[in-house]
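Student: only geometry, no sequence info:
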Ligand SMILES: C[C@@H]1N[C@@H](C#Cc2ccccc2)[C@H](O)[C@@H]1O
């Protein structure tokens with residue numbers, strides 16, 4: 001093992017109340033909202049297919065031109081309470097919002113740069129409106145913060161000279177001041193979601209990433225930090241050079257999920273996957289016909305998949321420049337919310353059940369319960385759900401979650417193997433079966 005000054009500060013899962021709440025939340029809404037929402041992926045009449053929040057670089061727009069979008073930011077259709085009500089109905093328990101994305105524009109009136117909401121026609125502290133509206137709905141709020149900052153002249157992609165080093169040190173001080181400002185002025189913030197930390201300049205300053213983690217936890221005790229902030233003494237990210245997870249949960253799953261077999265080791269630490277509805281659009285893009293757009297059922301399966309492996313699922317919304325939510329996103333929120341209203345108990349406060357993945361879908365288990373939840377996406381034509389159980393586990397009774405009075409036949413067909421007999425019919429949404437089991441211990 002290497003002696004590290006800036007590596008992991010502890011091993012194993014945090015078990016304090018704040019982290020237990022973060023874990024039990026399971027389902028979150030990601031919001032990417034900034035100046036990039038105004039052009040929405042289109043510049044001088046040309047549609048750019050790459051991620052809309054990267055339009056500045058895709059269309060080779062100068063910083064001066066891009067930054068002048070600030071004077072156009074005036075979301076007339078913005079209503080924080082409507083956003084929060086939609087999120088509540090979708091069934092999310094937390095929301096993570098881009099306080100500052102790579103463009104460097106701040107949704108809050110930062111003392112450390114004029115490139116912020118107070119210098120837009122909107123003027124008001126829009127971040128506070130959003131935080132207050134979501135908290136009023138009982139939804140925890142987390143802050144996304146991009147260390148990468150295209151606006152700030154002291155930002156450096158790498159450190160290749162003394163001048164680079166002096167300028168970047170100014171930048172790191174600026175960023176730490178902004179983060180302290182966010183943690184101080186928005187006291188209900190529960191977590192910080194760092195991004196834009198992949199460049200050599202940050203990897204060469206692992207000390208700063210630990211200093212920021214410690215500062216935030218000092219200003220806001222209990223606050224949760226994602227692994228994506230962290231680099232160690234040797235520039236190793238997410239996990240330190242000894243293989244230990246840094247920060248409080250792994251945040252490397254972006255637009256992908258861990259494999260239920262090959263990546264089963266993720267069940268031993270906290271993690272979160274973040275997901276776009278199109279293939280790769282985080283900020284608002286005017287034209288979603290340029291890629292596959294995931295259906296509500298595809299996204300719902302990803303949420304169940306994440307829960308079944310002990311992880312959180314953060315589903316992204318990209319509000320328009322006028323503050324409205326596009327109809328596709330509203331439809332997804334409604335469809336997922338309708339299912340969560342009936343079946344949320346197999347997601348909230350649920351975790352990896354300890355059984356191996358089966359073809360018909362996913363197991364989840366509520367913390368401390370001896371009930372197994374089976375969430376079925378692929379009903380066999382036979383109607384027979386094959387269940388392999390660990391040695392010593394006995395399946396006793398089963399019923400659909402929504403009809404506890406009607407037993408489902410549980411047939412033991414071999415040692416540690418059962419068949420559950422599902423009625424053969426057309427199912428149009430994921431079915432949930434609750435199984436009473438005895439662990440024989
Ligand atoms: C959470 C997601 N991370 C951001 C990114 C990125 C990216 C994409 C390609 C190469 C390097 C970095 C996206 O803009 C979004 O904020």
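Tutor: Okay, I see it. What you are looking at is a predicted structure, and each value in this text was computed from that prediction instead of being measured.
Student: Just say helix, strand or coil for whichever residue of the chain sits closest to the ligand.
Tutor: Relative to the ligand, the nearest point of the chain is residue 282 (4.1 Å; CB to the nearest ligand atom). From N, CA and C alone the C-beta is placed, and that goes for glycine too. Three-state call for residue 282 (DSSP: H, G, I helix; E, B strand; the rest coil): coil.
Student: quick one: contacts for the nearest residue to it once chain neighbours are set aside?
Tutor: Once flanking residues are discounted, residue 282 sits nearest to residue 32: 4.1 Å by CB to CB, 6 or more residues apart in numbering. By CB atoms under 8 Å, 6 or more residues apart in numbering, the contact list for residue 32 reads 53, 98, 101, 144, 282, 283, 284, 316, 317, 318.
Student: The same query, at a cut-off of 10 Å, please.
Tutor: Residues near residue 32 by CB atoms under 10 Å, 6 or more residues apart in numbering: 51-53, 96-98, 101, 144, 276, 281-284, 316-319.
Student: Report the separation between it and residue 274.
Tutor: 10 Å (CB to CB, to the nearest Å).
Student: swap in residue 74?
Tutor: For residue 74 relative to residue 274 (CB to CB), the value is 28 Å.
Student: what does the stretch 251-400 of the chain put close to the ligand?
Tutor: Within the stretch 251-400 of the chain, the positions adjacent to the ligand are 254, 274, 282 by CB under 6 Å from any ligand atom.
Student: Wait, the last one touches residue 146, no?
Tutor: It refers to residue 282. No: with contacts counted by CB atoms under 10 Å, residue 282 stays clear of residue 146, the gap being 11.3 Å.
Student: and for those two, which residues touch both?
Tutor: Contacts common to residue 282 and residue 146, judged by CB under 10 Å, 6+ apart, are 34, 53, 98, 101, 195.
Student: contacting residues for the third one?
Tutor: Shown here is residue 98, whose contacts under the criterion CB under 10 Å, 6+ apart are 30-34, 36, 53, 105-107, 127, 143-146, 193, 195, 282-283, 318.
Student: next one: the last one
Tutor: When contacts are counted by CB under 10 Å, 6+ apart, residue 195 is found next to 98, 100-102, 144-148, 226, 228-229, 251, 254, 274, 282.
Student: would you list every one of the helices in the stretch 51-200 of the chain?
Tutor: With helices called from DSSP state H, counting those that start in this stretch, the stretch 51-200 of the chain shows them at 55-58, 63-67, 80-90, 126-136, 162-185, 200-203.
Student: Pull out the buried members of the contacts of residue 195.
Tutor: 98, 100-102, 144-148, 226, 228-229, 251, 274, 282 (16 or more other CB atoms under 10 Å).
Student: Residue nearest the middle of this protein, spatially speaking?
Tutor: residue 314 (2.9 Å; CA atoms, centre = their mean).
Student: Paired strands for the host helix or strand of that one, with orientation please.
Tutor: Residue 314 belongs to strand 311-317 when elements are defined using DSSP states H and E. In the sheet containing strand 311-317, its partner strands are strand 27-31 (parallel), strand 271-275 (parallel), by DSSP bridges.
Student: gap between the next helix or strand after the last one and the chain center?
Tutor: Reading on from strand 271-275 to the C-terminus, the next helix or strand found by DSSP H and E is helix 296-308. How far helix 296-308 lies from its chain's middle: 13 Å, per CA atoms, centre = their mean, to the nearest Å.
Student: Tell me who's in contact with the residue nearest to residue 270 when sequence neighbours are not counted.
Tutor: Leaving out its chain neighbours, the residue that sits closest to residue 270 by CB to CB, 6+ apart is residue 249, at 3.7 Å. Residues in contact with residue 249 (CB under 10 Å, 6+ apart) are 13-14, 19, 22-23, 191, 224-228, 269-272, 311-312.
Student: how about a cut-off of 7 Å?
Tutor: Contact partners of residue 249, counting by CB atoms under 7 Å, 6 or more residues apart in numbering, are 224, 226, 227, 270, 271, 272.
Student: in terms of contact, does the fourth one touch residue 23 like I think?
Tutor: Yes: here residue 270 lies in contact with residue 23, judged by CB atoms under 7 Å, at a distance of 6.1 Å.
Student: Can you list the buried residues in stretch 8-26?
Tutor: 8, 9, 14, 18, 19, 21, 22, 23, 24, 25, 26.
Student: Show me which positions of the host helix or strand of residue 216 end up buried.
Tutor: Under the criterion of DSSP H and E, residue 216 resides in helix 206-219. By neighbour count on 16+ other CB under 10 Å, the buried set for helix 206-219 is 206, 208, 209, 210, 212, 213, 216, 217, 219.
Student: And stretch 82-91, by the same measure?
Tutor: Here stretch 82-91 shows 83, 84, 86, 87, 88, 89, 90, 91 as buried, counting by 16+ other CB under 10 Å.
Student: for stretch 342-361, same thing?
Tutor: 343-353, 355, 357-358, 360-361.
Student: Check the buried ones among the contacts of residue 195 and tell me the two furthest apart.
Tutor: 229 and 282 (18.4 Å; CB to CB).
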